[in-house]
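next one to model:
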Amino acid sequence: NLVILDRIDNPAAIAELKAINPKVTVSFYPYDVTTPLSEATKLLKTIFAQLKTVDVLINGAGILDDHQIQRTIAVNFTGLVNTTTAILDFWDKRKGGPGGVICNIGSVTGFNAIYQVPVYCASKAAVVSFTQSIA
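This is a model prediction of the structure:
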C-alpha cells in the first residue's frame, strides 16, 4: 500500500501512480502536517484499520519561506517528525508490526547551507539529522 497524505487532492496524480503497478493500493487522505502528533496518530489508526498494512511513507511536505519562521519549521521538520513518530508505533516489529519504509524528502541545503534562506536550510538540516538518527 502507498498512502499519500496531503492538503491538496490530486486525482490525476493518484491515477497515474495506480497505473504504474495495479497490484499496489494507492490511497489519498487529506492531511496537514502541522497538526499535532495526536491528530497524525488518529489518522493513521483510520488508515491502518482500512488497509491493514502500509508499506511506504513519503514525507515530502515542504515550504521555502524564511519570512514565516514558525510555519517553515512546522511544515519542513515538526510535521515530518510527528508523522514519522506516529507511524512507527504501527510498524514497530518489536510490537508485532510489519515494518515499513520511510522516505524523508530533504534538500541539499540540509548539507550545505546558503545564506539567503537560513531557516529553510536549518529545517532541512534537522530533517537530515533526524533521518540519520532513526535509520
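
which one in the chain is furthest away from the centre?
Among residues of the chain, the one most distant from the C-alpha centroid is Y115; the distance is 26.4 Å, by C-alpha atoms, centre = their mean.

A helix includes that residue, no?
No - counting by DSSP: H, G, I helix; E, B strand; the rest coil, Y115 is not part of a helix but coil.

ok, it - contacts?
By C-beta atoms under 8 Å, 6 or more residues apart in numbering, no residues touch Y115. The way it works is simple: take the backbone N, C-alpha and C, and place the C-beta from them, glycine included.

put the alpha carbons of stretch 126-135 into CSV.
Presented in CSV, the C-alpha positions along stretch 126-135 are these (Å, rounded to 0.1, in the frame of the first residue of the first chain):
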residue,chain,number,x,y,z
ALA,A,126,17.2,18.9,11.0
VAL,A,127,15.5,16.5,8.6
VAL,A,128,18.9,15.1,7.7
SER,A,129,19.9,14.6,11.3
PHE,A,130,16.5,13.2,12.3
THR,A,131,16.6,10.7,9.5
GLN,A,132,20.1,9.6,10.2
SER,A,133,19.2,9.2,13.9
ILE,A,134,16.3,6.8,13.2
ALA,A,135,17.9,4.9,10.3
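
let me see the mean pLDDT of it.
Averaged across stretch 126-135, the pLDDT comes to 96.

next one: it to chain centre, how far?
Relative to the centre of its chain, stretch 126-135 is centred 13 Å away, using C-alpha atoms, centre = their mean, to the nearest Å.

would you map the helices across this structure?
For the chain, the helices defined by DSSP state H occupy 11-20, 37-51, 69-73, 79-91, 118-134.

next one: the residue farthest from the centre of the chain from T109, what distance?
To T109, Y115 is 11 Å away according to C-beta to C-beta, to the nearest Å.

T34 too?
Distance from T34 to T109, by C-beta to C-beta: 21 Å.
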